[in-house]
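Enquirer: coordinates only, no sequence provided:
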Ligand code: VGL
Ligand code: ZN
């Protein structure tokens with residue numbers, strides 16, 4: 001078991017990001033059993049949930065003449081326009097039913113402000129509005145954040161970079177993530193994360209330590 005200073009941050013394991021979902025991430029469902037296995041190594045788990053009002057500024061449908069995956073400039077910068085996804089209290093916004101992490105003690109819902117997106121679990125896209133997660137993690141004495149979930153190149157990468165900026169060590173468990181990969185976004189995300197001092201590990205690296213302890 002990892003010490004209590006280690007927090008497993010499981011990002012956006014929601015139906016709309018699964019194959020067949022509104023903003024499907026290829027093979028997104030394959031990470032669910034990997035995350036369930038990894039969760040055994042952590043006493044402290046936090047989940048995130050993308051959670052938008054239907055009027056959300058990131059939805060192409062809310063901008064006449066623009067289509068999903070085009071971009072537009074908003075007051076806080078460039079915004080990719082997405083298909084309508086993870087609308088508050090819809091089935092698509094629900095966490096995958098096969099995700100079994102009973103000890104998870106906090107679910108951070110993000111993207112709830114209609115005019116601001118939030119890929120990051122820490123800071124909204126205006127780069128100014130905190131979600132409260134950094135304060136929570138500091139309060140509970142967290143030091144290292146281990147990230148998994150969807151999508152590698154958006155919500156996972158932004159959360160990892162912001163975890164680091166907030167003063168935590170951060171590592172992404174690459175086989176417990178899947179990417180959207182829009183216009184080279186996945187390569188860029190890994191480059192940015194490497195430059196930002198984010199670790200890149202595989203689930204086996206974590207699980208073999210655990211198995212050694214229990215055998
Ligand atoms: C995400 C795009 C829009 C994600 C969320 O979870 O990576 N990507 N909203
Ligand atoms: Zn979203």
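Expert: Sure, I can see it. As the structure is a computational prediction, the values presented were derived from the model and not from experiment. Numbering: from 1, shown residues only. Ligands and ions are numbered 1, 2, ... in the order given.

Enquirer: how much space separates the residue positioned nearest the centre of the chain from residue 213?
Expert: Nearest to the geometric centre of the chain sits residue 11, at 3.1 Å (CA atoms, centre = their mean). According to CB to CB, to the nearest Å, residue 11 stands 26 Å off from residue 213. No exception for glycine: its C-beta is placed from N, CA and C like everyone else's.

Enquirer: and residue 55, by the same measure?
Expert: Applying CB to CB to residue 55 and residue 213 gives a distance of 49 Å.

Enquirer: beta partners of the closest residue to residue 30 other than its chain neighbours?
Expert: In space, and not counting its chain neighbours, residue 30 is closest to residue 178: 7.0 Å by CB to CB, 6 or more residues apart in numbering. Applying DSSP bridges to residue 178 gives these bridge partners: residue 150.

Enquirer: same question, residue 47
Expert: Listed by DSSP bridges, the beta-bridge partners for residue 47 are residue 10, residue 107.

Enquirer: what's near enough to touch residue 125?
Expert: 76-77, 79, 116-119 (CB atoms under 8 Å, 6 or more residues apart in numbering).

Enquirer: can you check residue 207 too?
Expert: 37-38, 41.

Enquirer: one step back: test my guess that the residue nearest to residue 30 contacts residue 151.
Expert: Yes: counting by CB atoms under 8 Å, residue 151 is a contact partner of residue 178 at 6.5 Å.

Enquirer: joint contacts of the two?
Expert: Both residue 178 and residue 151 are contacted by 25, 28, under the criterion CB under 8 Å, 6+ apart.

Enquirer: and residue 78, how close does it get to ligand 1?
Expert: From residue 78 across to ligand 1, the span is 13 Å (CB to the nearest ligand atom, to the nearest Å).

Enquirer: so that residue sits in a strand?
Expert: Yes: assigned with DSSP: H, G, I helix; E, B strand; the rest coil, residue 78 falls within a strand.

Enquirer: check what pLDDT it gets.
Expert: In this model, residue 78 is scored at 96, pLDDT.

Enquirer: any idea of the pLDDT on the residue lying closest to it once chain neighbours are set aside?
Expert: Using CB to CB, 6+ apart and skipping the chain neighbours, the partner closest in space to residue 78 is residue 71 (5.4 Å). In this model, residue 71 is scored at 97, pLDDT.

Enquirer: same check, this time on residue 212
Expert: pLDDT at residue 212 comes out at 74.

Enquirer: where in this protein is pLDDT low?
Expert: For the chain, applying pLDDT under 70 flags the ranges 214-215.

Enquirer: apply 50 and report the result again.
Expert: For the chain, applying pLDDT under 50 flags no range at all.

Enquirer: pick out the residue of it closest to ligand 2.
Expert: Nearest residue of the chain to ligand 2: residue 50, at 4.2 Å (CB to the ion).
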